[in-house]
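# Provide a 3D model corresponding to the input given below.
(chains A, B and C)
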Amino acid sequence: MVSEYPGMPTVATAYQKIYAVVSSIPGGRVATYGQVARLAGMPGQARLVGYALSSLHDRVPVPWHRVVNARGEISERSGGSPADVVQRLRLESEGVSFDELGRIPLGRFLWDV
DNA sequence: CCACTGACGAGTG
DNA sequence: GCACTCGCCAGTG
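I've put the predicted structure just below:
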């Protein structure tokens, strides 16, 4: 649970809710953007989840790497940042495996609430 | 205040 | 399974 970080607005934002949900994803499991949105009380707001995560900075201790898209793939960033590679490495080090197409078998690793 | 911007998802052909 | 469209809306400048 991340309630605060340098530079974060003092008032509560939708992002805090999202960060709280992401922070509760167990290691070795993954959640989809849409799933996080629902758990955060914003069904249908998958895009906002992605937007919220993209605005995170390194010092914020949120396990953003455990969030993937509905197809079990790691979504590609804009600007060609290497964050997607880091994400895969972190997941693999947690025991999450990928198939030959670079997708995670959601039937085995999706976080069941 | 207005316009633009996204780590997405579900539906359709 | 792939390509395309449309709906979502908080933040940012």
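# Please make it C-alpha for all contacts and neighbour counts, starting now.
Will do.
# quick one: is stretch A:67-83 near DNA strand C?
No. Stretch A:67-83 is not in contact with DNA strand C by CA under 7 Å from any atom of the strand; minimum separation 8.9 Å.
# Briefly note if that stretch comes near DNA strand B.
Yes. Stretch A:67-83 lies within reach of DNA strand B by CA under 7 Å from any atom of the strand, at A:67-71, A:75-78, A:83.
# likewise stretch A:42-57?
Yes. Stretch A:42-57 lies within reach of DNA strand B by CA under 7 Å from any atom of the strand, at A:44, A:46-54, A:56.
# just the buried members of the residues of stretch A:67-83 next to DNA strand B?
Among these, the ones that count as buried by 16 or more other CA atoms under 10 Å are A:67-69.
# Turn those residues into a markdown table, including secondary structure and pLDDT.
Formatted as a markdown table, these follow (DSSP: H, G, I helix; E, B strand; the rest coil; pLDDT from 0 to 100):
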| residue | secondary structure | pLDDT |
| --- | --- | --- |
| A:67 | strand | 97 |
| A:68 | strand | 97 |
| A:69 | coil | 96 |
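# sorry, back to before: let me have the residues of stretch A:42-57 next to DNA strand B in CSV, adding secondary structure and neighbour count as columns.
Supplementary listing: these in CSV, determined by DSSP: H, G, I helix; E, B strand; the rest coil; neighbours: other CA atoms under 10 Å:
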residue, secondary structure, neighbour count
A:44, coil, 13
A:46, helix, 19
A:47, helix, 12
A:48, helix, 17
A:49, helix, 24
A:50, helix, 21
A:51, helix, 11
A:52, helix, 17
A:53, helix, 20
A:54, helix, 12
A:56, coil, 15
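# Among the residues of stretch A:67-83 next to DNA strand B, which are located in strands?
Within the residues of stretch A:67-83 next to DNA strand B, residues falling in strands by DSSP state E are A:67-68.
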